[in-house]
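Undergrad: One predicted model, sequence on top.
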Amino acid sequence: MSDELVAESRAIREIRINPIVPSESVLVATARSLRPRKQEEPAPRDTRKHVEACPFCRGNEEQTPPEIDVFPRNGKKEWQIRIVENLYPILGDDSSQPGFVYGLQQAIDGYGRHEVIIDSPQHGISIHEMDVAHIANLFGVYQQRMQQLYQLDERLKYVLVFKNFGPAAGASMAHTHSQIIATPVVPQNVFDEVQNSRQYFERNHHCIFCALIDEALTFEAKIYDRSSGEVVRKIDVGQYVIERGEKFIAIKPFASRYEWEIHILPLHHSSDFMNTRQADLDDFAQVLQRTMARLDAVIGGAQYNFFLHSIPQGEEFQNCDQSYHWHLEICPRTSIPNGFELGSGLFVNTTSPEQAAEQLRAVQL
Ligand code: AMP
Ligand code: ZN
Ligand code: ZN
């Protein structure tokens, strides 16, 4: 057999079940014959520090709707991070249509908040180029604003912080920014994560995310085929770990939907991102910065989304404190979902998560 055929025969073709949300499972198919898959063109990086015409650059503050907050608070002109109302909000508090149910038509009032966080005065800076202290401040700002929004109005059931970076990730503005959307319902995928991890906890008496971390850090293990006795899978020490700090870990999920998807989680169990202390955010920021530097080294100019999943507020979620574990999901967008993915709900991943993790770990920082 040629080397290529040997490689082909070792290729993975398997449906990997997401242990928390089975509906988000993945078809990992690494056979060479499956390529080429339409790859997103890497976007030309806009590395400019300042752009005269950009509404998010310093000096153009009047081109955004009213400022909600600015950091540091005493440095209006020399701001490092700004929160503003979104000029084109997808949810707002001006909705005049009450929700209704009519037959199969069910609508919930589109009440909510949509805000833009201008991450840095530097127009084209990437996360891995920011100081660790700045990243820690940025996540501290997310935290404060989440707290304020939850307190502002009890109709807001979930506050989602996310970032779009690059056109392939849906970003329409080149200046580095993140967004907060507060919704009048808990989004279904967050709800499923919370509910399913609660059910796992009831059966197993420990948090499934903590178990995933333990598995990512696992010792060497072999999984045998019961009938033939052959080794079907060998798991090496730390095979799924990308980066590790004192308090946080970046892991490559076994069932990754996206080729370069990475999740960052606190090593100690914690359900609520808003409870993370500033000192811990420093460690988080370091893990995130190093993770993004690894991604940049491997896939140059990654276009990605990231989003925070944290326990929803409200009484009905209080008993999920031990079973839910907050995390940041980073989803680099290297290809466009196709008809099979939309039609089946199965994401196709053509790079084995084990191999992707190895490549990311191998980067010398
Ligand atoms: P994205 O589309 O992910 O790049 O996010 C950019 C967000 O900024 C969009 O939700 C826009 O509605 C919003 N936006 C665009 N221009 C402005 C502006 N001048 N001030 C405030 N928000 C803006
Ligand atoms: Zn700018
Ligand atoms: Zn946990």
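TA: Cool, the structure landed. Ligands and ions are numbered 1, 2, ... in the order given.

Undergrad: Up against ligand 1, what does this protein have?
TA: Contact residues, the chain versus ligand 1 (C-beta under 6 Å from any ligand atom): 55, 63-65, 84, 86-88, 116, 164, 170-173, 177, 179. Every residue, glycine included, has its C-beta placed from N, CA and C.

Undergrad: May I ask which of those has the most neighbours?
TA: Among the residues of the chain next to ligand 1, V116 has the most neighbours (other C-beta atoms under 10 Å), with 24 neighbours.

Undergrad: Can you tell me how far that residue is from V28?
TA: 36 Å (C-beta to C-beta, to the nearest Å).

Undergrad: before we move on, back to that, restricted to strands, list the residues of the chain next to ligand 1.
TA: By the criterion of DSSP state E, membership of the residues of the chain next to ligand 1 in strands covers V84, V116, N164, H177, Q179.

Undergrad: now the helices: where do they sit in the stretch 251-365 of the chain?
TA: 278-299, 339-344, 353-362 (DSSP state H, counting those that start in this stretch).

Undergrad: which strands and helices sit next to the longest one?
TA: The contact analysis (3 or more C-beta pairs under 8 Å, 6 or more residues apart in numbering; DSSP states H and E) places helix 278-299 against helix 132-152, strand 241-244, strand 248-251, strand 262-266, strand 327-332, helix 353-362.

Undergrad: The helices of the stretch 251-365 of the chain: which one's closest to Q318?
TA: Nearest of these to Q318, taken as C-beta to C-beta: helix 278-299 at 22.5 Å.

Undergrad: The closest one relative to helix 353-362, how many degrees between them?
TA: Relative orientation of helix 278-299 versus helix 353-362 (axes from the mean of the first three to the mean of the last three C-alpha atoms, to 10 degrees): 110 degrees.

Undergrad: quick one: contacts of helix 278-299?
TA: The set of residues external to helix 278-299 that reach it, using C-beta atoms under 8 Å, 6 or more residues apart in numbering, is 42, 126-128, 130, 132-133, 135-136, 138-140, 143, 242-250, 260, 262, 264, 266, 276, 302, 304, 328, 330, 332, 334, 359-361, 363, 365.

Undergrad: Now render the ones in strands among the residues of the chain next to ligand 1 as a markdown table, adding pLDDT.
TA: Formatted as a markdown table, those follow (pLDDT from 0 to 100):
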| residue | pLDDT |
| --- | --- |
| V84 | 97 |
| V116 | 98 |
| N164 | 97 |
| H177 | 98 |
| Q179 | 98 |
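
Undergrad: low pLDDT regions in the protein?
TA: The model of the chain has pLDDT under 70 over residues 1-9, 32-40, 95-96.

Undergrad: Show me which residues of it sit near ligand 2.
TA: Within the chain, the positions lying close to ligand 2 (C-beta under 5 Å from the ion) are V51, C54, F56, C57, H123, H175.

Undergrad: Sort out for me which of those are in helices.
TA: Residues of these located in helices (DSSP state H): none.

Undergrad: ok, which pair from those residues is furthest apart?
TA: Farthest pair in those (C-beta to C-beta) is V51 and F56. Separation: 8.8 Å.

Undergrad: who touches both of these two?
TA: In contact with both V51 and F56: H123, H175, using C-beta under 8 Å, 6+ apart.

Undergrad: ok, the two, which is more surrounded?
TA: Remark: of V51 and F56, F56 carries more neighbours, 22 against 15, as counted by other C-beta under 10 Å.

Undergrad: re earlier: quick check: of the residues of the chain next to ligand 1, which lies closest to L217?
TA: Looking across the residues of the chain next to ligand 1 and measuring by C-beta to C-beta, the closest to L217 is N164, at 31.1 Å.

Undergrad: and the closest residue to the closest one other than its chain neighbours, what does it touch?
TA: The shortest distance from N164 to any non-neighbouring residue, by C-beta to C-beta, 6 or more residues apart in numbering, is to A171 (4.0 Å). For A171, the contact set (C-beta under 8 Å, 6+ apart) comprises N164, F165, Q303.

Undergrad: out of those residues, who's nearest ligand 1?
TA: Nearest to ligand 1 among the contacts of A171: N164, at 3.6 Å, using C-beta to the nearest ligand atom.

Undergrad: in the sheet, who's paired with that closest one?
TA: Beta-bridge pairing for N164 (DSSP bridges): N305.
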